[in-house]
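S.K.: Sequence and computational prediction follow.
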Amino acid sequence: MILLSILYVILSGIALPVGGIQMQYLWRNQLGDVYSLGLGSAAWLGAAAATMSGWCSLTVGSFICTLLCTLVCFLITFKVNTQQLITFGILFGTFIGSLGTIVVTNAPTGDLLKQYYLWGAANFRLEGVTNWDIVFSLCLFAVGLAAALFSAGELSRHFRGEIELPAWKKAILLLAIMCLVTSAVSICGPIGFISLGVPNLSRLICQDSDIRRHYLISSAMGIGLLLITYLVVQYVNFGIYLPVSATMAILALPLMALIFVKGAKR
């Protein structure tokens, strides 16, 4: 079980930063994030609905909800510009999160509610995760990562303004990012900071616009941050329960400060 937990620490440390940097390049905006279009909230809602109702497994429920969310965002891209899309995505994510709150507060039993909150704490304990969930999430991760590598050249040129990606290619990229997000969030719960902060920190460290370099830098930092946080949560006893996501936010505060300080000097 420990080895499987470490596997998902590594997987999440790659999937979320890579998805985040793709969002930033796709929308040419440093605020691009896997959660900014509601994808993370949708994965959270799907996992919650699956846990409370038992109608499907965690990963399948998460995948269905993120797919629907991605399709909605894709349709909106035909009507609004990038800035408006990000604003819509934030509002849409809030809406989806509200639905998730309704699902959770109507949990049929206390045990299911506990199972959900343990999953949401993102402590890589794989609560309620089946073998099918693991196989499916690994497949989603492989598809998302392969698509990220395959589209790297075009995405870098799009970011530099040399080309403009057509809507159908943006849709495919959104689907690929959705696969990366779902592979991590559906199993481990929502994990903040690394999908937004780490890509921005990578771009401060390396000014190269080639996204492939940022894939490597962001993945290395994402894995490192998550692994340190995981070890702290697992082996440092403060006498209280420490969720990984909240603990990471505390540990990452110096990095967040660095991002803002460096950004102000540019």
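M.R.: Okay, I see it.
S.K.: tell me the residue furthest from the middle of the protein?
M.R.: residue 239 (29.4 Å; CA atoms, centre = their mean).
S.K.: pLDDT wise, what is that one at?
M.R.: Reported pLDDT at residue 239 in the predicted model: 75.
S.K.: What does it show for phi and psi?
M.R.: phi 80, psi 10 (degrees, to the nearest 10).
S.K.: Same check on residue 30?
M.R.: Dihedral angles of residue 30 (phi, psi; degrees, to the nearest 10) stand at phi -70, psi -10.
S.K.: Relative to residue 209, how far out is it?
M.R.: Per CB to CB, to the nearest Å, residue 30 is found 13 Å from residue 209. Using the backbone N, CA and C atoms, a C-beta is placed for each residue, glycine as well.
S.K.: go on, residue 43?
M.R.: In terms of CB to CB, residue 43 sits 29 Å off from residue 209.
S.K.: Between these two, tell me which one has more neighbours.
M.R.: More crowded of residue 43 and residue 209, by other CB atoms under 10 Å: residue 43, with 33 against 14.
S.K.: tell me the contacts of the more buried one?
M.R.: 62, 65-66, 181-182, 185-186, 190 (CB atoms under 8 Å, 6 or more residues apart in numbering).
S.K.: Just flag the most distant two among the residues you listed.
M.R.: The largest separation in those, counting by CB to CB, is between 65 and 190 at 13.0 Å.
S.K.: Now that we have the contacts of residue 43, which of them are buried?
M.R.: The neighbour-count test (16 or more other CB atoms under 10 Å) marks 62, 65-66, 181-182, 185-186, 190 as buried among the contacts of residue 43.
S.K.: so who does residue 4 touch?
M.R.: Residue 4 neighbours (CB under 8 Å, 6+ apart): 126, 134.
S.K.: oh sorry, the question was meant for residue 6
M.R.: For residue 6, the contact set (CB under 8 Å, 6+ apart) comprises 227, 230.
S.K.: Next one: it, what pLDDT does it get?
M.R.: Looking at residue 6, its pLDDT stands at 91.
S.K.: before we move on, what SS does residue 122 have?
M.R.: Put simply, residue 122 is coil when judged by DSSP: H, G, I helix; E, B strand; the rest coil.
S.K.: residues near it, how many?
M.R.: Neighbours of residue 122 using other CB under 10 Å come to 27.
S.K.: Report the secondary structure state of residue 193.
M.R.: Put simply, residue 193 is coil when judged by three-state DSSP.
S.K.: tell me the contacts of it?
M.R.: By CB under 8 Å, 6+ apart, the residues touching residue 193 are 225, 248-249, 252, 256.
S.K.: Residue 192 and residue 146: what is the separation?
M.R.: Noted for residue 192: a distance of 26 Å to residue 146, by CB to CB.
S.K.: again with residue 91
M.R.: From residue 91 across to residue 146, the span is 32 Å (CB to CB).
S.K.: In the protein, where is pLDDT below threshold?
M.R.: 82-83, 128, 255-256, 258-266 (pLDDT under 70).
S.K.: circling back to that earlier point, can you list the contacts of residue 43 in CSV and add distance to residue 126 and secondary structure?
M.R.: Output for the contacts of residue 43, formatted as CSV (distance: CB to CB, whole Å; DSSP: H, G, I helix; E, B strand; the rest coil):
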residue, distance to residue 126, secondary structure
62, 14, helix
65, 20, helix
66, 20, helix
181, 18, helix
182, 16, helix
185, 13, helix
186, 11, helix
190, 15, coil
